[in-house]
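> Generate coordinates for the sequence data below:
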Amino acid sequence: MTAAVGYAAESGLPFRFALIRNHYVGRTFIEPSQSVRDFGVKLKLNTVRSLLEGKRVVLIDDSIVRGTTSRKIVRMIRSAGAKEVHMRISCPPTISPCYYGVDTPSKKQLIAANKSIDEIRDYIGADSLAYLSLEGLKKACGEGEKISYCSACYTGKYPTDIVDVDEILPAVARH
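Okay, here's the model as predicted:
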């Protein structure tokens, strides 16, 4: 929401609530199966047709993980009558899993780790797609000499060594 308000203010475009979010549905990207994620998106978001019909829309989202949610949202907005859908993402492309608390999928499931921005745009069905740069994100978060954030999910460079769980599990006795 903050990114959308900021984008509207900087671009001079009006900010509108053309998608109404059900706050009782959590983050769909962490659900265990695709069918549950798809159902969650349908429950989570509803379009306001009167604000979308015949319009060129700039959709602001915080991230694209697998791309399936973004694809469904773009379809919903088009189904509500939007002429064009342009996506802007308020972080860099997520190319690596997080091992420090955010439940992101494996690298093979992260769309930005496996497709170019143009391929992602085509997959989600948007007219254009752009991400905030890592430098832009750091600036927006106020990162400087005294503040530093982990950016491993955007760079693939982790602040610690990553240990394979199989390497530290005790050996299983064989009979």
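
> How is residue 59 classified with respect to secondary structure?
Secondary structure, DSSP: H, G, I helix; E, B strand; the rest coil: residue 59 is strand.

> make that residue 46, sorry
In three-state terms, and counting by three-state DSSP, residue 46 is strand.

> how many other residues sit next to it?
Neighbours of residue 46 under the rule other CB atoms under 10 Å: 14. To be clear about C-beta, it is placed using only N, CA and C from the backbone, and glycine gets the same treatment.

> Just give the closest residue to the most centrally placed residue in the chain, not the sequence neighbours.
Nearest to the centroid of the C-alpha atoms of the chain, with distances taken as CA atoms, centre = their mean, sits residue 63, at 1.9 Å. Excluding the flanking residues, the one nearest residue 63 by CB to CB, 6 or more residues apart in numbering is residue 91, at 5.4 Å.

> hmm, back to that, do you know how far the residue nearest to the centre of the chain is from residue 118?
Using CB to CB, to the nearest Å, residue 63 is found at 18 Å from residue 118.

> Then residue 105?
Counting by CB to CB, the gap from residue 105 to residue 118 is 22 Å.

> what does residue 9 give?
Taking CB to CB, one finds residue 9 at 28 Å from residue 118.

> Could you do residue 18 as well?
Distance from residue 18 to residue 118, by CB to CB: 25 Å.

> Of those two, which one has the most company?
Neighbour totals were compared for residue 18 and residue 118, and residue 18 leads with 20 against 10 (other CB under 10 Å).

> Which residues are in contact with that one?
47, 48, 51, 52, 57, 77, 80 (CB atoms under 8 Å, 6 or more residues apart in numbering).

> cutoff 10 Å now
Shown in contact with residue 18 (CB atoms under 10 Å, 6 or more residues apart in numbering): 46-53, 55, 57, 59, 76-77, 80, 82.

> again, but for residue 100
Residue 100 is in contact with 150, 152, 153, 158, 159, 160, counting by CB under 10 Å, 6+ apart.

> Check the secondary structure at it for me.
Strictly by three-state DSSP, residue 100 counts as coil.

> how close does it sit to residue 152?
Shown here: residue 100 relative to residue 152, a distance of 8 Å by CB to CB.

> Low-confidence ranges, this structure, go.
23-43, 165-166, 171, 173-175 (pLDDT under 70).

> Tell me which stretches of it form helices.
Counting by DSSP state H, the chain has helices at residues 2-11, 34-44, 49-52, 68-79, 111-114, 117-124, 134-141, 152-155, 165-168.

> list the buried ones in the longest one?
In other words, helix 68-79. Of all the residues in helix 68-79, those buried under the rule 16 or more other CB atoms under 10 Å are 68, 69, 70, 71, 72, 73, 74, 76, 77, 78.
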